[in-house]
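Asker: Need coordinates for the following:
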Amino acid sequence: MRSLVLVLTLAALGGCMKVSDMGEGVRYHMSDAGLLDHSDTRRTLSIRLQPDSFIFIGQGAFVPPGKGPVPQQNAVAEEAFKSFVEYFPMLRRAEAPLGLEEAIAQARSFGADYVLYTRFARTDDRIGNGDEWYDEQAVDRLGWDSGVVQMMLIETSTRYLIDTVRIKSRGGLLTFHDQTPRDLLAAPMREYARSLLGMSR
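Answerer: You can find the predicted model right below:
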């Protein structure tokens, strides 16, 4: 009798939700509880771009405060490029960190419609494997990586600030091995690219 009630309950729940929705719900709650990677993206405006928009991606030379190794110089721009290229075919990335004025000038020279100017605002690269433990050997440095990224979307022709974004991310208990703050950027960057096209998750 007990197993029949359980089967009927699962069947009723299964009829209300698709399996993909249940999976997304489980992933969300596990990331919120700290078991999986978690990110929080805040935008000032909910503007949409055309899929054929030409976007130039640059990163500032700002070295973020934080603990642990300093991330690679162009890490945020590279991750943004990897995430955006799936949704915006007309894309170009700066080869090295640039000042904002340089990024806008380069974007104009390439004929880009928009500049996505990025930077790490803060990083905390904690110990996540044996090599990092050997380098630091500090118990208080064990744990989950975290970081904050700031981005500005600027229209090249008018220099008008179209959107500002803040992405706060942290690793999870089940995913922290061998990660860096850079590794946490792919999912929220893809989500932001989709939101610029008005696509849902």
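
Asker: Tell me where this protein is predicted with low confidence.
Answerer: The model of the chain has pLDDT under 70 over residues 1-2, 4-36, 66, 68, 173-179, 201.

Asker: In it, mark out all the strands, start to finish.
Answerer: With DSSP state E as the criterion, the chain has strands at 38-43, 55-59, 66-67, 91-93, 114-124, 146-155, 161-170.

Asker: could I get those strands as JSON lines with mean neighbour count?
Answerer: Glycine gets a C-beta too; all of them are placed from N, C-alpha and C. Below are these laid out as JSON lines (neighbours: other C-beta atoms under 10 Å):
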{"stretch": "strand 38-43", "mean neighbour count": "16"}
{"stretch": "strand 55-59", "mean neighbour count": "27"}
{"stretch": "strand 66-67", "mean neighbour count": "16"}
{"stretch": "strand 91-93", "mean neighbour count": "18"}
{"stretch": "strand 114-124", "mean neighbour count": "23"}
{"stretch": "strand 146-155", "mean neighbour count": "21"}
{"stretch": "strand 161-170", "mean neighbour count": "18"}
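
Asker: Let me see the contact set for residue 87.
Answerer: 51, 190, 193-194, 196-197, 199 (C-beta atoms under 8 Å, 6 or more residues apart in numbering).

Asker: Now do the helices in this protein.
Answerer: 2-16, 19-32, 75-84, 100-110, 130-136, 186-196 (DSSP state H).

Asker: Residue ranges of each domain in this structure, please.
Answerer: Split into domains by automatic domain parsing, the chain comes to 1-33, 38-196.

Asker: Please identify the most buried of the ones you listed.
Answerer: Across the domains of the chain, the average number of neighbours (mean count of other C-beta atoms under 10 Å) peaks for domain 38-196, which reaches a mean of 18.

Asker: just checking, residue 42 touches residue 165?
Answerer: Yes. Contact criterion C-beta atoms under 8 Å: residue 42 and residue 165 qualify, at 7.0 Å.

Asker: Next, the residue lying closest to residue 111 once chain neighbours are set aside: phi, psi?
Answerer: Nearest non-adjacent residue to residue 111, counting by C-beta to C-beta, 6 or more residues apart in numbering: residue 54, 6.5 Å away. The phi and psi values for residue 54, taken as degrees, to the nearest 10, are phi -100, psi 120.

Asker: quick thing: my sequence starts at 7, can you match it?
Answerer: In the new numbering, first residue 7, that becomes residue 60.

Asker: got a list of what residue 60 touches?
Answerer: 96-98, 116-120.

Asker: Present those residues as TSV; the columns should include distance to residue 161.
Answerer: Below are these laid out as TSV (distance: C-beta to C-beta, whole Å):
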residue	distance to residue 161
96	15
97	16
98	16
116	15
117	13
118	10
119	7
120	6
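
Asker: Before I go, just wanted to say thanks for your time.
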